[in-house]
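S.K.: Fold the stuff below for me.
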Amino acid sequence: MKDIKKCRVLVTPTSYGQTDQRLWTELEEHVGEIIHNQTGKPLTSGELSKLLPGVDGYIAGLDVIDRACLQHADKLKVISRYGVGCDRVDLKAAREKGITVTYTPGANSASVAEMTIALTLALARKIPQAVEATRQGSWPRLNALSLEGKTFGIVGLGSIGKQVARRLAGFDCTILAFDVSPDQDFALLYKVSLVSLGELIERSDFISLHLPVLPETRGMVNAGFLSGAKEGAFLINTARGELVNERDLVSAMEAGTLAGAALDVFTTEPPDSDNVLLKMPQVIVTPHISSHSDGALNAMGWMALKDCLAVLRGDTPANPVP
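M.R.: Numbering: from 1, shown residues only. The predicted structure is shown next:
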């Protein structure tokens, strides 16, 4: 086992400080220096280029880790992603430099699923509008929807999609799912109907995205996708903003094809202040907080920490990116 007392570790997730404080004690006991992200937001490639020289380990948030910044990583052995998505990491460039990349699969699945259900209910019951009206002195009777008897479409039946399906089971709604490699046994157990993407879009009252960003999924929710949606349907995105063409989403709501949307993620984060979606009353917007619950933050924190230290010691990490 290697002595890592002289190692420098960069920690950039903005929520890492909200985790179990024993994480910091553990990290401080084993490494020589910890460098913190002082900006309060994910780092750009340019900002990372200034921080990476001399760094041995890197516990990464939603930073832009591209080839340009990795050219400055002269000692880096591990990028331990605090989360499941690695679309902002240039995996090829990292591997060319011999840098191990790890992630935290499954750690935030329950938390993201709970947020998905919360956003769905907020859309269906018009909770934000009701709160605002009541605060303004009104006492409105809003025309809301019940999930009972509705059809909920899950695009991507992976770890998070499955957790959503499990939670929906008690709402007496029809659950559809599309996945390129569906788990037939799970679908049978939880009464999920596996359908084509086209059928899911056409039949669903609520469409929820649970996919990674890949070349084939980037911008997949576009004009063509949305034109097939059931009139009055809602879109929920707690996955990645890059899955959605935001201009086409705005157009679909302006045309009345979609009744509304709930977005925890955006193509640019934080979104520009002039982003039309921020101003549309039928859109619920939250600041990428689906995984920000006590259980998820702690699970991701410990998994990221352990894998970072393992690689620095010369051991095999538990969760290398495949």
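S.K.: From now on I want contacts and neighbour counts done on CA atoms only, so please keep to that.
M.R.: OK.
S.K.: Look up how far D56 lies from C69.
M.R.: 15 Å (C-alpha to C-alpha, to the nearest Å).
S.K.: what's the single longest helix in the protein?
M.R.: helix 294-313 (DSSP state H).
S.K.: if I look at the residue nearest the centre of the chain, how far off is R313?
M.R.: With distances taken as C-alpha atoms, centre = their mean, A239 lies nearest the centre of the chain, 4.1 Å away. A239 sits at a distance of 33 Å from R313 (criterion: C-alpha to C-alpha).
S.K.: out of C69 and D56, which sits in the busier spot?
M.R.: Counted by other C-alpha atoms under 10 Å, C69 and D56 do not tie: D56 has more neighbours, with 24 against 20.
S.K.: List the buried residues in stretch 290-306.
M.R.: Residues of stretch 290-306 classed as buried: 290-293, 295-306 (neighbour count, 16 or more other C-alpha atoms under 10 Å).
S.K.: What is the nearest of the residues you listed to T39?
M.R.: Using C-alpha to C-alpha, H292 is the member of those that lies nearest T39, at 18.4 Å.
S.K.: for that closest one, what are its contacts?
M.R.: S15, S111 (C-alpha atoms under 8 Å, 6 or more residues apart in numbering).
S.K.: how far out from the middle of the chain is stretch 234-249?
M.R.: 12 Å (C-alpha atoms, centre = their mean, to the nearest Å).
S.K.: outside of it, which residues touch it?
M.R.: So stretch 234-249 is contacted by 112, 115-116, 119-120, 123, 205-213, 217-223, 226, 258-268, 277, 288, 290 (C-alpha under 8 Å, 6+ apart).
S.K.: got the contact list for A68?
M.R.: Contacts of A68 by C-alpha under 8 Å, 6+ apart are S45, S49.
S.K.: tell me the secondary structure for it?
M.R.: helix (DSSP: H, G, I helix; E, B strand; the rest coil).
S.K.: Look up how far G46 lies from it.
M.R.: Using C-alpha to C-alpha, we find A68 at a distance of 8 Å from G46.
S.K.: nearest residue to A124 other than its sequence neighbours?
M.R.: Closest residue to A124 apart from its sequence neighbours, by C-alpha to C-alpha, 6 or more residues apart in numbering: L145 at 4.9 Å.
S.K.: Could I get the pLDDT score of that neighbour?
M.R.: Looking at L145, its pLDDT stands at 96.
S.K.: these two touch, right, it and I127?
M.R.: No: using C-alpha atoms under 8 Å, L145 is not in contact with I127; the gap is 11.0 Å.
S.K.: more crowded one of the two?
M.R.: I127 (16 against 12).
S.K.: Contacts for the lowest-mean-pLDDT helix or strand in the chain, please.
M.R.: Every helix and strand in the chain was compared by mean pLDDT, DSSP states H and E; the lowest is helix 22-30, with a mean of 91. Contacts with helix 22-30, where a contact means C-alpha under 8 Å, 6+ apart, come from I4, K5, I34, G301, W302, L305.
S.K.: Relative to K150, which of those is nearest.
M.R.: G301 (37.1 Å).
S.K.: Run through the residues that contact T14.
M.R.: Taking C-alpha under 8 Å, 6+ apart as the criterion, T14 is in contact with N37, G40, K41, P42, G61.
S.K.: Surely the fourth one is in contact with P13?
M.R.: Yes: with the criterion set as C-alpha under 8 Å, P42 and P13 qualify as a contacting pair; they are 7.1 Å apart.
S.K.: Are there residues contacting both of these two? Which ones?
M.R.: Common neighbours of P42 and P13 (C-alpha under 8 Å, 6+ apart) are G61, L62.
S.K.: all helices of the protein, in order?
M.R.: 22-30, 45-51, 67-70, 91-96, 109-124, 127-135, 159-168, 184-189, 197-203, 223-227, 246-254, 294-313.
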